[in-house]
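> Build me a structure from this.
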Amino acid sequence: MRLEEIGLVGNGQFAAHVSVSGDVCWCCLPRFDSPPVFGALLDRERGGRFRIAPASGVPGRQAYLPNTNVLSTEFEDATGAFRVLDLAPRFEQHQRAFHPAQLFRIVEPLRGTPRVTVECQPVLGWSAAPAVAVPGSNHVRFEGFQAPVRLTTDVPLSYLGGQPFTLTGRRHVVVTWGAAIEEPLAPLADRFLAETVRYWRTWVKDCDIPPAFQEQVIRSALALKLHCFEDTGAIVAATTTSVPESPGSGRTWDYRYCWLRDAYYVLAAFRRLGRFEERERFTQWILDVAGGAEDLTLAPLYRVDGRSDLEEVEHRAWRGYDEDGPVRSGNGAALHVQNDVYGETVLALAPVFLDERFRDERTPAALDLLHRLARKGVAVAGQPDAGIWEYRKAWTPQTFSTLMSWAGADRAALVLERQSPGLGAELAAEAARLRETIVARCWRSDRRTFVGSHDSDELDASLLQMVPLRFLPRSDPKLVSTVEVIAEELARGEWVDRYRLDDGLGVPKAAFVVCTYWLVQALAGIGRVDEARRRLEATFAALSPLGLVSEDYDPRARRLWGNYPQAYSHVGLIHAAFDASPRWTDIL
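Below you'll find the predicted structure:
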């Protein structure tokens, strides 16, 4: 099962991955970081099954209903054609977000008299034990979960074990966690489909997009929205775990959590899209998290409910994606020191105080947190840490971490100056000092580039972020040559590696997708827009047919790897598209 053959649906409460074979191959309920209910992505034999497919077994063709997160999988064989519409209900109801833990699968005949099979066998989380099925009148209850789990359908229950039947009219198959469906199924499904389509299309219509690359930006925006946990405001890095970064790498991490760094980048992308409610929710979430952090010592990542109990566990009974393990839940990076998170959290909060549209969001608590985060970033700058790449080897002072401490102090000083002249002077002085430190200790004149850690010589693609962060004037020779050297030495064709050193698990073998988009953004920033645009357009060939992209890409095999889809990667695409696109004033 290739990642390119999988689509994603969700609603801000949970997400489900659906393959071209009609199988819900990955779904955790009731939320992103819950154990799996359907897990064939990580074990085809023991991971459970929720498949609606032709009796012949031919794969389908997938497409989203335009400008929505409703997925259509269309099948055709000698008996006829039909499609499956997969959706997680999401719309406004009673002036609140309605996003139940319910997956609707609507089966529609298109031509002929198609023969169809339906199978549903959930598993009890990481035990992979099949849930006990107890049939009712028009439903099946699955026992063993912490909450009621039901399949409600107007397909005869006798057919749910995979017995082929002839599809003569529209049918509905719904899995629910918690409250069961207690009303007529067909009109309910029709209403939920119509309301969900209307919600997503309205959401897209309210987005800002660039004149060029519109389809890719819209799909990336919709994918990002599916990574936002609306109950608390947390934003997960991905909705999957344990998809290897490259074959046999052992780099099979669980990304179903909220990294403070990733959340900042997602919020920055939403800001460019003109979407702000996600930042408002995240601000409250970070206030809740920081309120329980002694001395404001933040972990790099948290569960969506703000807890940091993320012990990394290997589930040896699971075979892994493409039988390539280990399969993991939890993430040991929660115990890391990653000093860049303080600056990034400042950058996530700063727009509240710099944009007059958000006056009603300004609170003393948020301003105090921003100030303390900036000071904390200054205090830890230059100390050894695991850095943005979460090295599992001896830590050294990471240039990117110091860069983000500089950015946090610089932006916080600007915010404080707006509150009262002179209030930001101390942080402005610290920012100037940190800039001098980076230039003195992280610039290598013999290599014409800034390097990844203090007093070292290794290249690091994260330093491309110096351009959009405005660390130096964009015409500064040091900045320009850093971009050039990274493009020359870390790129393989259009794709860019994050680094080429042994990080404790060997040298990474796949390109890191967001680094490629960072190079596009940096090239556009230093005035090489045509080259940026060419590189950006070349990456589109790697997107799945649905426009989704994972964490990593193998240019030789032309295959996506890593957790999928990856919020980071879609963030990079959005920023790169805005920076490489003409402006609307150049078009209209």
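
> What are the boundaries of the helices in this protein?
Taking DSSP state H to define them, one finds helices in the chain at 185-205, 214-225, 260-273, 277-291, 340-354, 364-380, 399-419, 425-442, 477-489, 513-525, 529-539, 567-580, 584-587.

> what packs against the first one?
So the one you mean is helix 185-205. strand 80-87, strand 91-93, strand 102-112, strand 171-177, helix 214-225 (3 or more C-beta pairs under 8 Å, 6 or more residues apart in numbering; DSSP states H and E). No exception for glycine: its C-beta is placed from N, CA and C like everyone else's.

> List of residues touching it?
Outside helix 185-205, the residues that touch it by C-beta atoms under 8 Å, 6 or more residues apart in numbering are 11, 65-70, 85, 87-92, 104, 106, 138, 152-154, 170, 172, 174, 181, 218, 221-222, 225.

> since we're on the closest residue to residue 165 other than its chain neighbours, how many residues are nearby?
In this structure, residue 165 finds its nearest non-sequential neighbour in residue 159, 5.0 Å apart by C-beta to C-beta, 6 or more residues apart in numbering. Residue 159 has 16 neighbours, counted by other C-beta atoms under 10 Å.

> which residues touch residue 159?
117-118, 165 are the contacts of residue 159 under C-beta under 8 Å, 6+ apart.

> Return the alpha-carbon coordinates of stretch 150-158 using CSV.
Extracted in CSV, the C-alpha atoms of stretch 150-158 (Å, rounded to 0.1, in the frame of the first residue of the first chain):
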residue,chain,number,x,y,z
ARG,A,150,-21.4,0.8,16.6
LEU,A,151,-21.8,0.2,12.9
THR,A,152,-25.2,1.4,11.8
THR,A,153,-26.2,0.6,8.3
ASP,A,154,-29.1,-0.1,5.8
VAL,A,155,-27.0,-2.9,4.2
PRO,A,156,-28.3,-6.3,5.4
LEU,A,157,-26.2,-7.3,8.4
SER,A,158,-25.7,-10.8,6.9
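
> Tell me how far that stretch lies from the chain's centre.
In terms of C-alpha atoms, centre = their mean, to the nearest Å, the centre of stretch 150-158 is set 33 Å apart from its chain centre.

> Enumerate the positions of that stretch that are buried.
150-155, 157 (16 or more other C-beta atoms under 10 Å).

> ok, these vs residue 243, which is closest?
Of all the buried residues of stretch 150-158, residue 243 sits closest to residue 151, with 26.8 Å by C-beta to C-beta.

> Nearest residue to that closest one in space, please, no chain neighbours.
With sequence-adjacent residues excluded and distances taken as C-beta to C-beta, 6+ apart, residue 151 is closest to residue 140, at 4.6 Å.

> who are the neighbours in contact with the one you found?
Residue 140 sits next to 120, 133-134, 150-151, 157, 160 when contact means C-beta under 8 Å, 6+ apart.

> and with 7 Å instead?
Neighbouring residues of residue 140 by C-beta atoms under 7 Å, 6 or more residues apart in numbering: 133-134, 150-151, 157, 160.

> Adding distance to residue 127 and pLDDT, write the residues you listed out as CSV.
Converted to CSV, the contacts of residue 140 look like this (distance: C-beta to C-beta, whole Å; pLDDT from 0 to 100):
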residue, distance to residue 127, pLDDT
133, 16, 96
134, 19, 96
150, 20, 97
151, 20, 98
157, 25, 96
160, 22, 95
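
> Enumerate every residue touching the residue lying closest to residue 106 once chain neighbours are set aside.
Distances taken as C-beta to C-beta, 6+ apart put residue 85 closest to residue 106, at 4.3 Å, once the chain neighbours are dropped. When contacts are counted by C-beta under 7 Å, 6+ apart, residue 85 touches 70, 72, 106, 108, 193.

> in the sheet, who's paired with residue 85?
According to DSSP bridges, the partner residues bridging residue 85 are residue 72, residue 106.

> looking at this structure, which helix or strand is least sure?
helix 584-587 (a mean of 88; mean pLDDT, DSSP states H and E).

> Please state the offset of that one from the chain centre?
With C-alpha atoms, centre = their mean as the basis, helix 584-587 stands 31 Å off its chain's centre.

> Which residues does that helix contact?
Helix 584-587 is contacted by residues residue 211 when judged by C-beta under 7 Å, 6+ apart.

> cool, and stretch 265-280?
207-208, 221, 224, 227-228, 235, 282, 348, 351, 361, 567-568, 571, 574-575, 578.

> I would like a ChimeraX command selecting only the buried ones among the residues you listed, please.
Buried members of the contacts of stretch 265-280, defined by 16+ other C-beta under 10 Å, are picked up in ChimeraX with:
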select :207,221,224,227,228,235,282,348,351,361,567,568,571,574,575,578
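
> which sections of the stretch 251-400 of the chain are below the confidence cut-off?
By pLDDT under 70, the stretch 251-400 of the chain has no low-scoring segment.

> redo that, cut-off 80
Within the stretch 251-400 of the chain, the segments meeting pLDDT under 80 span 292, 294.

> thinking again about what came up before, next step: the contacts of residue 159 restricted to strands.
117-118, 165 (DSSP state E).

> Of those - the most surrounded one?
residue 118 (25 neighbours).

> quick one: it from residue 174, how far?
12 Å (C-beta to C-beta, to the nearest Å).

> Next: residue 397.
53 Å.

> now do residue 16
According to C-beta to C-beta, residue 16 stands 12 Å off from residue 174.

> now swap in residue 449 and tell me
Here the criterion is C-beta to C-beta. By it, residue 449 lies 55 Å from residue 174.

> need the helices and strands packed on helix 185-205 in JSON lines with mean pLDDT, can you?
Formatted as JSON lines, the helices and strands packed on helix 185-205 follow (pLDDT from 0 to 100):
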{"stretch": "strand 80-87", "mean pLDDT": "98"}
{"stretch": "strand 91-93", "mean pLDDT": "92"}
{"stretch": "strand 102-112", "mean pLDDT": "98"}
{"stretch": "strand 171-177", "mean pLDDT": "98"}
{"stretch": "helix 214-225", "mean pLDDT": "98"}
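
> and of the ones you listed, who's closest to residue 541?
Among the helices and strands packed on helix 185-205, if distance is taken as C-beta to C-beta, the winner is helix 214-225, at 11.7 Å.

> hmm, who's touching the closest one?
Contacts of helix 214-225 with the rest of the structure, by C-beta under 7 Å, 6+ apart, involve 8, 67, 69, 200, 204, 207, 209-210, 266, 269, 273, 540, 547-548, 565, 567, 570-571, 573-574, 577.

> now with 8 Å?
The contact list for helix 214-225 (C-beta under 8 Å, 6+ apart) reads 8, 12, 64, 67-69, 200, 203-204, 207, 209-210, 266, 269-270, 273, 275, 278, 540, 543, 546-548, 565, 567, 570-571, 573-574, 577-578.

> Tell me the buried residues in that helix?
Using 16+ other C-beta under 10 Å as the test for burial, helix 214-225 gives 216-225.

> Kindly report the same for stretch 164-178.
Neighbour-count burial for stretch 164-178, counted by 16+ other C-beta under 10 Å, picks out 165, 167, 171-177.

> Over to stretch 485-493?
In stretch 485-493, counting by 16+ other C-beta under 10 Å, buried: 485-487, 490-491.

> re the thing from before, would you list the contacts of residue 85 in JSON lines and tack on distance to residue 55 and neighbour count?
Formatted as JSON lines, the contacts of residue 85 follow (distance: C-beta to C-beta, whole Å; neighbours: other C-beta atoms under 10 Å):
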{"residue": "70", "distance to residue 55": "25", "neighbour count": "21"}
{"residue": "72", "distance to residue 55": "20", "neighbour count": "19"}
{"residue": "106", "distance to residue 55": "19", "neighbour count": "22"}
{"residue": "108", "distance to residue 55": "17", "neighbour count": "15"}
{"residue": "193", "distance to residue 55": "25", "neighbour count": "19"}
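
> Looking at those, which is nearest residue 293?
Among the contacts of residue 85, residue 70 lies closest to residue 293 (C-beta to C-beta), at 39.2 Å.
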